[in-house]
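K.L.:
here is my input; please provide its structure:
(one chain, ligands or ions: 1)
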Amino acid sequence: MKIMFKKYCPSSPAPEDTAFRVRFTELSAGYAGHPVLHQLSAHIPALAATALVGPNGSGKSTLLGVLAGVIRPTAGELHHTGSRQPAFVPQRGAVGDALPLTVRQTVEMGRWGERGPWRRLTRRDRATVDAAMERMGVAGLAARQLGGLSGGQRQRALIAQGLAQESDLLLLDEPTTGLDPEARERIAALLADLVADGVTVVHATHDLDAARAADACLLLREGRLAAQGHPGEVLTPAALTRLWRLA
Ligand SMILES: Nc1ncnc2c1ncn2[C@@H]1O[C@H](COP(=O)(O)OP(=O)(O)OP(=O)(O)O)[C@@H](O)[C@H]1O
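P.N.:
Numbers count the residues shown, from 1 in each chain. Predicted structure coming up:
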């Protein structure tokens, strides 16, 4: 099993490097005594949005964890063309309501990878945090407790934490689940803006409209890749019926 981060060299990208941000081959992964992903081979296109779609338990979050580097593959190859560590935004429900954190403190945690949790943030760190909050439209909520926000506000604060990591690869676990249509649209528009600005976005989703708006789609079934390609080709009525009937 190999995991590789390629050194970033903007002046002379190899031709293949411009095409994908992550590529994996025969990738398997899971939890102690519980294999989940089985021999997946696919790539995540660079500077594009990729949707991970599949029924509950099909392995979307596990694949995000592998791409984020928090779950170690048990077999296969994983090749990153970027040199920056991916930024991972977990499911909103995984972030405790009871945590006594303000929005600003939450977003500041995005600098910990660079700074460490106990070091004072530099002026540049604070500017990065401010810019991330501004970008996600949560600057006006900076002093509010995370647990007291609406679902959409909280999701934007968590994405701002991801942005504060200044990665070129943003991984999001169900960023629009449980949100009303307006909040969903706002997040979809913000993610599209990030892609236009050079961020590669991968999001696990049950929201088929969000998946159809992506540039690429990986369809998972029981930890295996059922299809990959453009959402228009992958998310056909026949494929979706088959997938959910078998789920
Ligand atoms: N920490 C864990 N320890 C053991 N098994 C786990 C763990 N997390 C997930 N699993 C199992 O791995 C399998 C895949 O789960 P995963 O969360 O990756 O699927 P998913 O497609 O993201 O599901 P959902 O749509 O419900 O979020 C499931 O059988 C799940 O029970």
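
K.L.:
surely residue 216 meets residue 47?
P.N.:
No - Residue 216 is beyond contact range of residue 47, at 11.2 Å (criterion: CB atoms under 8 Å). (C-beta placed from N, C-alpha, C; glycine too.)

K.L.:
which one of those two is surrounded by more residues?
P.N.:
With neighbours defined as other CB atoms under 10 Å, residue 216 and residue 47 compare such that residue 216 has more, 19 against 16.

K.L.:
mind listing what that one touches?
P.N.:
Taking CB atoms under 8 Å, 6 or more residues apart in numbering, we find residue 216 in contact with 44, 45, 48, 49, 50, 51, 228, 229, 230, 231.

K.L.:
mind checking how far it is from residue 99?
P.N.:
Separation of residue 216 from residue 99 (CB to CB, to the nearest Å) stands at 34 Å.

K.L.:
please apply the same query to residue 107.
P.N.:
Distance from residue 107 to residue 99, by CB to CB: 14 Å.

K.L.:
who has more neighbours out of these two?
P.N.:
residue 107 (28 against 11).

K.L.:
wait, a strand at that one?
P.N.:
No - per DSSP: H, G, I helix; E, B strand; the rest coil, residue 107 lies outside any strand segment and is helix.

K.L.:
need the pLDDT of it.
P.N.:
Looking at residue 107, its pLDDT reads 95.

K.L.:
just the one 5 residues further on next, same as before
P.N.:
For residue 112, the model assigns a pLDDT of 86.

K.L.:
okay, now it: neighbour count?
P.N.:
Residues near residue 112, counting by other CB under 10 Å: 16.

K.L.:
am I right that it is in a helix?
P.N.:
Yes - using three-state DSSP, the assignment for residue 112 is a helix.

K.L.:
all strands of this protein, in order?
P.N.:
Counting by DSSP state E, the segments of the chain that form strands are 2-5, 20-31, 34-45, 49-53, 75-80, 87-89, 169-173, 200-204, 216-221, 224-229.

K.L.:
for the protein, just list every one of the helices.
P.N.:
Assigned by DSSP state H, the helices in the chain fall at 60-68, 103-108, 112-115, 123-135, 151-163, 181-196, 208-212, 231-234, 237-246.

K.L.:
among those, which comes closest to residue 30?
P.N.:
helix 60-68 (6.9 Å; CB to CB).

K.L.:
just checking, what packs against the closest one?
P.N.:
In terms of contacts (3 or more CB pairs under 8 Å, 6 or more residues apart in numbering; DSSP states H and E), helix 60-68 is packed against strand 20-31, strand 34-45, strand 49-53, strand 87-89, strand 169-173, strand 200-204, strand 216-221.

K.L.:
make JSON lines out of those strands and add distance to residue 186 and mean pLDDT.
P.N.:
Formatted as JSON lines, these follow (distance: least, CB to CB, whole Å; pLDDT from 0 to 100):
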{"stretch": "strand 20-31", "distance to residue 186": "25", "mean pLDDT": "96"}
{"stretch": "strand 34-45", "distance to residue 186": "24", "mean pLDDT": "97"}
{"stretch": "strand 49-53", "distance to residue 186": "16", "mean pLDDT": "97"}
{"stretch": "strand 87-89", "distance to residue 186": "15", "mean pLDDT": "95"}
{"stretch": "strand 169-173", "distance to residue 186": "14", "mean pLDDT": "97"}
{"stretch": "strand 200-204", "distance to residue 186": "15", "mean pLDDT": "97"}
{"stretch": "strand 216-221", "distance to residue 186": "22", "mean pLDDT": "96"}
